[in-house]
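# sequence-free structure coming up:
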């Protein structure tokens, strides 16, 4: 299979707060063994900092045979929380949180995880927070009284469309305009002089939350995501117990089709259509199993050799 595993984004710090670091992004291929149970864990976004506090780190996302990292488990490390005026340093994580500011320079952003994300932005001026790190670029340092922008994330086409994940949160600005979050779900920082609140990281992207200030709230991190893609060559997909199955033929220009265990087995609906759910009539997804699910012969879902 091909996998994309993104940890939850870090929350922005409060009071000249740094932006939250993006969740760590891991992608690649992995051989799975039929009949072997696999776990899927989606990391939650980190909490927003309050009352001059640092943002919380995001939760780890995992796919593999164990909830413990290593031993065949792919982990996207949760993003580091943004710093505040005390303590200033951004937290380490998948991508590092941006540093907070207490009126002095020199504070460093958090450190990102090698191969998953970049460092948070530092403090080089007396006001404004550093930007949170993203999957592809580090968070920017503050400039004057303006916070640093969040680091950019990475684009992936694993779902059939190009989507950017794991952008860092923008640092807070004491004056001037709000600092943008990084592409990939990073939330913008607060602008204290205009009363503009920070923006939370976008859900299911691992984006970091924006940093807040005295009269402006910080943003929470966005939840992570785990996406798995396989090449159809049989009618059974095994290894984990799903509550929701999202199937898209990436080889052909066909619909995104979604099944969930709260409905009958056969009906499905499409995320890129406003039409009502469709009955599968026994040849779409045919069963939710304790170790996976089975699919029928309908060409939307099981054309041999298609991705």
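Structure's in. What do you need? Here the structure is a predicted model, which is why all the values come from computation and not from measurement.
# drop to CA atoms for contacts and neighbour counts, all remaining ones
Will do.
# What's the separation between residue 245 and residue 153?
Shown here: residue 245 relative to residue 153, a distance of 26 Å by Cα to Cα, to the nearest Å.
# neighbour-wise, which of these two wins?
Ranked by neighbour count (other Cα atoms under 10 Å), residue 245 and residue 153 place residue 153 first, with 32 against 15.
# For that one, give me its contacts.
Residues in contact with residue 153 (Cα atoms under 8 Å, 6 or more residues apart in numbering) are 22, 134-137, 164-168, 182-184.
# Centroid-nearest residue for the chain?
Centroid check for the chain by Cα atoms, centre = their mean gives residue 206 as the closest residue, at 1.5 Å.
# could you say which helix or strand contains it?
Residue 206 is part of no helix or strand, with elements assigned from DSSP states H and E.
# Model confidence for it, exactly?
In the predicted model, residue 206 carries a pLDDT score of 98.
# And residue 273, by the same measure?
Looking at residue 273, its pLDDT stands at 79.
# repeat for residue 198
With respect to pLDDT, residue 198 scores 97.
# Equivalent analysis for residue 161, please.
89.
# now do the one 5 residues further on
According to the predicted model, the pLDDT of residue 166 comes to 98.
# That one against residue 20, yeah?
No: when contacts are counted by Cα atoms under 8 Å, residue 166 is not listed as touching residue 20 (10.7 Å).
# Comparing the two, which residue is more hemmed in?
When neighbours are counted by other Cα under 10 Å, residue 20 comes out ahead of the other of residue 166 and residue 20, with 65 against 43.
# Could you pull up the contacting residues of that one?
For residue 20, the contacting residues are 9-13, 55, 79-82, 96-98, 131-133, 168-170, 208-211, 221, by Cα under 8 Å, 6+ apart.
# For the stretch 151-300 of the chain, just list every one of the strands.
Read by DSSP state E, counting those that start in this stretch, the stretch 151-300 of the chain holds these strands, from start to end of the chain: 154-156, 163-165, 225-229, 236-238, 244-248, 256-260, 269-270, 285-289, 292-295.
# for the stretch 1-150 of the chain, same thing?
Counting by DSSP E, counting those that start in this stretch, the segments of the stretch 1-150 of the chain that form strands are 2-6, 25-29, 39-41, 61-64, 74-76.
# now, of these, which is deepest in the fold?
Compared across the strands of the stretch 1-150 of the chain, strand 74-76 shows the largest average neighbour count, a mean of 29 (mean count of other Cα atoms under 10 Å).
# related to what we said a few turns ago, give me the common contacts of residue 166 and residue 20.
Listed as contacting both residue 166 and residue 20 by Cα under 8 Å, 6+ apart are 9, 208.
# among the contacts of residue 153, which are in helices?
In this view, these have no member that belongs to helices under DSSP state H.
# Go through the residues you listed and name the one nearest residue 114.
The shortest gap between residue 114 and any of those belongs to residue 135, at 10.2 Å (Cα to Cα).
# Tell me who's in contact with the closest residue to the closest one other than its chain neighbours.
With sequence-adjacent residues excluded and distances taken as Cα to Cα, 6 or more residues apart in numbering, residue 135 is closest to residue 117, at 4.1 Å. Residue 117 sits next to 22-25, 94-96, 133-138 when contact means Cα under 8 Å, 6+ apart.
# what's the farthest-apart pair in those residues?
Taking Cα to Cα as the measure, the contacts of residue 117 span a maximum distance of 13.9 Å, between 25 and 138.
# pLDDT below threshold where in the stretch 201-307 of the chain?
Residues of the stretch 201-307 of the chain meeting the criterion pLDDT under 70: 231-240, 263-266, 280-282, 291.
# Endpoint to endpoint, stretch 84-102 covers what distance?
The first-to-last residue distance of stretch 84-102 comes to 8 Å (Cα to Cα).
# and that stretch, how far from the chain's centre?
A distance of 19 Å separates the centroid of the chain from that of stretch 84-102, by Cα atoms, centre = their mean, to the nearest Å.
# these two touch, right, residue 89 and residue 102?
No: checked against Cα under 8 Å, the pair residue 89 and residue 102 is beyond contact range at 10.7 Å.
# okay, those two: which has more neighbours?
Under the neighbour definition other Cα under 10 Å, residue 89 and residue 102 were set side by side, and residue 89 has more, 30 against 19.
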